[in-house]
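In: fold the following.
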Amino acid sequence: MRQDLERAPARRRAHSAVRIMLGVAIGGSLLATPAWSQSFTDRFKNLFGGGSSDQAPTISNGPAAESNLTCPSVSIRSGAATYAVGLPGKEASGNDLRYQVVISRTARECNLSSGMIKANIGIQGRVIAGPAGAPENVDVPIRVAVVQDGVSPKTVFTKAYRTNVMMGSNGNVPFSLVMEDVVYPAPSADVNDAYVFYIGFDPQALKPEPKARKR
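Out: Numbering: from 1, shown residues only. Take a look at the predicted model:
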C-alpha cells in the first residue's frame, strides 16, 4: 500500500531525510563489509533482524516531498539466480562442480532529488564449495538493472559489479555486496508500479574488456 507524503503527519514531514528499506529474508548469516557501505549495511542488518514487510517503501526527498512514488521491488532475474563453476572444460555439475554461488537476501532504499532517484541495493548470499574443490578466492559477478516491465520491457539502468570472496575451510562462506550508485530519472506516477530492480549473476562481467584497436 502506498503512502502519500502530502497526507503524512506533520511530525513525519519535519524530518530532513527519511529512508525506508525493505528486504526478503531467507536465512544465512551476515558478513562484515567495507567501510564505504557500512552505514547502509547496519540498517541492512537491522532490517533482516526485524523481519520483512510486503509494503512498498515510499521514496523520500525530504520535508517538501510531494511524490507518492514507491521504491521498486527487487527481483532475481530468471535463469540468473545461481552461479556455478566447474573444472576447466567440464560442466558445473556432479563431481566436476568446483563451487556454486546463491543469493539469499535482498534490500533496497530510494531517495528522490532534482528529478533523479538514487537507489542503494544490497544483496547477501553464499559461496558453497563443490566436490571438485573451490579455489581460495572466488570472484562473484553481479548485474543490477532498473527495468520498466511490460509487454516491451525497457531497461533504464544497468551495471555489472563484482566482489571477491575468500573461501573458508568449511566450504560454505557468506558474502554481501551493497551497490550505492544506482541512479535513474524518476518515473511518472502512471508507470511507477512497472519499475523493478532486477539482479542476477552475470559471468560476462568477469571477462576483460576488449582491447581498443590500434590505428
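In: what comes up buried for stretch 74-93?
Out: Buried residues in stretch 74-93, counted by 16 or more other C-beta atoms under 10 Å: 74, 76-77, 80, 83-86, 92. Where C-beta positions appear, they are placed from N, C-alpha and C, glycine not excepted.
In: most widely separated two among the residues you listed?
Out: The span of these, defined through C-beta to C-beta, is set by 74 and 86 at 28.5 Å.
In: alpha carbons of the longest strand seen in the chain, as CSV, please.
Out: If you go by DSSP state E, the chain has its longest strand at strand 97-113. What follows is strand 97-113, C-alpha atoms only, in CSV (Å, rounded to 0.1, in the frame of the first residue of the first chain):
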residue,chain,number,x,y,z
LEU,A,97,31.5,-28.9,-9.7
ARG,A,98,34.0,-26.5,-8.1
TYR,A,99,31.6,-24.1,-6.4
GLN,A,100,28.2,-22.6,-6.6
VAL,A,101,27.0,-19.1,-5.6
VAL,A,102,23.5,-18.3,-4.5
ILE,A,103,21.6,-15.1,-3.4
SER,A,104,19.8,-15.4,-0.1
ARG,A,105,18.7,-11.9,0.8
THR,A,106,18.0,-8.5,-0.8
ALA,A,107,17.2,-5.0,0.4
ARG,A,108,16.8,-1.6,-1.1
GLU,A,109,16.2,2.1,-0.3
CYS,A,110,15.5,5.0,-2.6
ASN,A,111,15.8,8.8,-2.4
LEU,A,112,14.4,11.4,-4.8
SER,A,113,16.3,14.6,-5.6
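In: show me the contacts for residue 136.
Out: 166-167 (C-beta atoms under 8 Å, 6 or more residues apart in numbering).
In: right, I mislabeled it, should have said residue 103
Out: 76, 81, 123-125, 199, 201.
In: the closest residue to it other than its chain neighbours: neighbour count?
Out: Nearest non-adjacent residue to residue 103, counting by C-beta to C-beta, 6 or more residues apart in numbering: residue 125, 4.3 Å away. Taking other C-beta atoms under 10 Å as the neighbour definition, residue 125 ends up with a count of 27.
In: which parts of stretch 150-170 are buried?
Out: The neighbour-count check on stretch 150-170 (16+ other C-beta under 10 Å) flags 156-157, 161, 163, 165, 167 as buried.
In: same question for that stretch, mean pLDDT?
Out: For stretch 150-170, the mean pLDDT works out to 91.
In: what do you get for stretch 99-107?
Out: Averaging pLDDT along stretch 99-107 gives 93.
In: swap in stretch 192-207?
Out: 89.
In: span of that stretch from start to end?
Out: Chord length of stretch 192-207, first to last residue, is 34 Å (C-alpha to C-alpha, to the nearest Å).
In: buried set for stretch 100-115?
Out: 100-112.
In: give me the residues contacting stretch 141-149.
Out: Residues from elsewhere that reach stretch 141-149, judged by C-beta under 8 Å, 6+ apart: 72, 77, 80, 83, 119, 121, 123, 153-163, 177, 179, 182, 184, 187, 191, 194-206.
In: repeat the analysis, applying 7 Å as the threshold.
Out: Contact partners of stretch 141-149, identified using C-beta atoms under 7 Å, 6 or more residues apart in numbering, comprise 121, 123, 153-162, 177, 179, 182, 184, 191, 194-203, 205-206.
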